[in-house]
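In: This is a predicted model, with the sequence first.
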Amino acid sequence: MLFNSFEFVFLFLPVVLVVWWMRGVPARLRLALLTAASYVFYGYWDWRFTFLMLASTLVDFVAGARIHKAGSRAGRMFWLVFSLVSNLGLLGFFKYSGFLAETVNTLAAWGGSPARIPLFDIVLPVGISFYTFQTMSYTLDIYRGETVPTRDFWKFSAYVSMFPQLVAGPIIRYTEIEAQLAALPTSPSADRMYEGVRFFVLGLCKKVLIADVIGAQIDPLFADPERLQLVGSWMAVLGFTLQIYFDFSGYSDMAVGLGHMMGFQFPQNFDSPYKSANIAEFWRRWHMSLSFWLRDYLYKALGGNRRGGLITLRNLAITMLLGGLWHGAAWTFVVWGMYHGLLLVAHHLLRARGWVPSSAALARALTLFFVVIGWVFFRAESLPMAWGLLGRMFGGFGLEENLAAVPGGLAFMIAATLGWCLFAPNTWELRVKPGGRAALVYASLMLLCTLRLDVERPFVYFQF
Amino acid sequence: MSQPGALSDLFLRRFLVSYALGLAVVAFLNMLVDPQAKYGTRLLRPLVWMAREEKTELLRLKKEAPPEVIVFGSSRAMKLEPKYISEKTGLRAFNAAIQSARVEDHLEMLRFLVADLSMRPKAVIVGLDIYTFADGSGGDLSFLKEALSYDHVSMSLKSIYYRLTAYPAEKAGFDEDGFLTYYVYERQIRDGTFQLEPEVEATVSQYLERWLGFDALSEKGKRDFERLLDTCRENGIKVYVYIPPMHPRMLRALEEGTPYRRLHQDLLAFLESLRSAHDFVFLDASRAGALGGDDSLFYDGVHPREENNRLILDRLLPRGGA
């Protein structure tokens, strides 16, 4: 089920909120109901994948308890490895097996071998990358002694499956929500509800009124990139730069808003990333819950910056490469991850020598430029398409003879939304005093969004 | 000073009331104006083609000399010329294609012909658009989606505007054999002022959006198609099926931006699977160029001109009888 659908807005959400806030329902039953609602939400795509989520939940619930109970280091390690292998195995099978088989087959063909690994048409379960990372953080935190396992299965299953952030984050750690699950509010607070409506409506506007509108204009450009020249290719890539930001941050805002409506506080996932003055700052502002996950569970596990310059740079590069691969099983994502790894390494080296732009505006512009170039790999269907697009962006295929043919509406949207990203406060910074006038504005925005719900364009990040 | 939460409380109450009122006003406006002729209020003239109504009326008028070859399909089959079919087969022909048709519409039209009008055509030609097999149910809340869509609102407002000013001239109309004439496009083509590229670009955007979420041929569509073939067999009607062509730019966009390739293969496999139980002639005309057609002879990205359609009929129909 999509947040931007009639089924969600008019049926699922009202029913869930009414049931969630019913008086006198014991906390455990409420958590069980939240789990059930989340499974309905998830099963709306394909009910078979609910078993996968259930399996992942059971594995980590058991593994977490065993890690805590195990008397020896080897015992703790065994159950941690069991959890990681199970989660990464699921992810590997559903997300990476086809990619791996294709790569091996290509290499075999290059080597002249007729042997082929059979390719199966495996459907990627929505949100699998998100919830497996959540459950892994649970067992990893228990192993590190940063938290203790819960004995309440419903608490854990509600944490794993919680529908507002289930399919596209923010990736929440158990330690971030444990206390909230332990002390559920029993009645809704008007202030939290107001925040919920505010975040949800603004997120929906970002998705439906901006990202989808830009998406509808750039999809035809990406569908036939060989027609593009200098201006057209920049418009397509800049359009995508904005589409993905408004799409994904819109989803995160909606998730945060839904959390508020149910009395939960989810972490911020975007902090005006296109305002960043360097690439390291960009990663502290973009998809923050993933960046911090990778930092805490991968980069630091590799040694972080504790073992000297070269090792630090290696760790940065590996982390970003795997981060790229997390997004998708394709060489384009591998290159995108490597590219960002190289940017981080370069930033590290240049900063150490003091070679950073003195002008903040120039630093921001350069960072945005490099991020935009990176999006080419992220959006392209293949590496040849990415190289082709880059060639077009840098004039390799000439300038449009008829600039009037370049879609003016798209140029306006790009200018307006880029200005918003660079200069306006984000949803977390925006301070609007609640009251009657604000209600009219938000109701009008919600109405406008509702009129666009008939076109259910999935979120870009659902594919990951 | 107001109590904590009082402003939020006021916000929530006003928000819910304003939103509900806004929804009610929009739904009421759309139902009252009814620009898509869905609710039957008909206070204002509908802004959509009434192809189904017009063509069933035209067919009713043909009871004395019923058509012997019937064309089914979406708007993409509307330019298949009944006169050319008659020339080739010596049989009276009628184009019963209706816009945005799904397989169930073809089946319904056939049943209407056979059961209501007691007509027994000798042959049917089905323009089988892949999108014909999209699941058109719209989910459980389809009535809400229809009443509260942006397109519907903009059409309602346009309808009111036309009512207050003047309705624009009709862009297209049907001959008495159901054949479509595009008044504007065809005049522009005669004048040499027709510009294909912007029309193609407009359909590319429209179709990429329309194809969102279409990732499998509808099972209901497949069943309906089998029923269509069953009904034809029971009534001794010969069936000719073809996939209508698209402009190469449109085809490329769909191939790159949607699961078109897979769905095309699925449709071919589905039709192949029916061959053992049903007798029908099939032609995959999705690429006009492959038939020797001209890729520039389109009205837009998806509607082929008569010249390309004639090539399809040449390949599909035997000369001297269907």
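Out: Sure, I can see it. Numbers count the residues shown, from 1 in each chain, chains lettered A, B, ... in the order given.

In: SS state for the spatially most central residue of chain A?
Out: Centroid-nearest residue in chain A: residue A:168, 5.1 Å away (criterion: C-alpha atoms, centre = their mean). Three-state call for residue A:168 (DSSP: H, G, I helix; E, B strand; the rest coil): coil.

In: I'd assumed residue A:459 was in contact with it.
Out: Yes - in this structure, residue A:168 is within contact of residue A:459 by C-beta atoms under 8 Å, at 5.7 Å. C-beta: built from backbone N, CA, C; applies to glycine.

In: Now do the helices in the stretch 51-200 of chain B.
Out: All helices of the stretch 51-200 of chain B, identified by DSSP state H, counting those that start in this stretch, fall at B:51-60, B:82-89, B:103-111, B:142-147, B:150-164, B:183-191, B:196-210.

In: Report the contact partners of residue 94.
Out: Picked chain A for this. A:52, A:122-125, A:128 (C-beta atoms under 8 Å, 6 or more residues apart in numbering or on different chains).

In: nope, chain B please
Out: Shown in contact with residue B:94 (C-beta under 8 Å, 6+ apart): B:58-59, B:62, B:67, B:69-71, B:82, B:177-178.

In: Widest-spaced pair of these?
Out: B:58 and B:69 (15.0 Å; C-beta to C-beta).

In: got a list of what residue 182 touches?
Out: Reading this off chain A. So residue A:182 contacts residue A:155 (C-beta under 8 Å, 6+ apart).

In: Sorry, I should have been clearer: chain B.
Out: B:171-172, B:299.

In: follow-up on the earlier one: next, format the helices of the stretch 51-200 of chain B as JSON lines and append mean pLDDT, distance to residue A:369 and mean neighbour count.
Out: Below are those laid out as JSON lines (pLDDT from 0 to 100; distance: least, C-beta to C-beta, whole Å; neighbours: other C-beta atoms under 10 Å in any protein chain shown):
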{"stretch": "helix B:51-60", "mean pLDDT": "89", "distance to residue A:369": "52", "mean neighbour count": "16"}
{"stretch": "helix B:82-89", "mean pLDDT": "94", "distance to residue A:369": "58", "mean neighbour count": "19"}
{"stretch": "helix B:103-111", "mean pLDDT": "91", "distance to residue A:369": "50", "mean neighbour count": "21"}
{"stretch": "helix B:142-147", "mean pLDDT": "82", "distance to residue A:369": "41", "mean neighbour count": "17"}
{"stretch": "helix B:150-164", "mean pLDDT": "92", "distance to residue A:369": "35", "mean neighbour count": "16"}
{"stretch": "helix B:183-191", "mean pLDDT": "93", "distance to residue A:369": "44", "mean neighbour count": "13"}
{"stretch": "helix B:196-210", "mean pLDDT": "89", "distance to residue A:369": "28", "mean neighbour count": "18"}
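
In: What are the phi and psi values at the residue nearest to the centre of chain A?
Out: phi -150, psi 30 (degrees, to the nearest 10).

In: Find me whatever residue is spatially closest to it, sequence neighbours aside.
Out: In space, and not counting its chain neighbours, residue A:168 is closest to residue A:461: 4.4 Å by C-beta to C-beta, 6 or more residues apart in numbering or on different chains.

In: Give me the neighbour count for that neighbour.
Out: 19 (other C-beta atoms under 10 Å in any protein chain shown).

In: Just the closest residue of the stretch 1-150 of chain A to chain B, please.
Out: residue A:6 (4.4 Å; C-beta to the nearest C-beta).

In: which regions of chain B sit below the pLDDT cut-off?
Out: B:1-4, B:136-140, B:319-322 (pLDDT under 70).

In: remind me which residues of chain A are low pLDDT?
Out: In chain A, residues with pLDDT under 70: A:402, A:404-405, A:462-464.

In: What segments of the stretch 201-322 of chain B are strands?
Out: B:238-243, B:280-284 (DSSP state E, counting those that start in this stretch).

In: residues contacting residue B:78?
Out: Taking C-beta under 8 Å, 6+ apart, one finds B:51, B:95, B:97, B:99, B:178-180, B:303 in contact with residue B:78.
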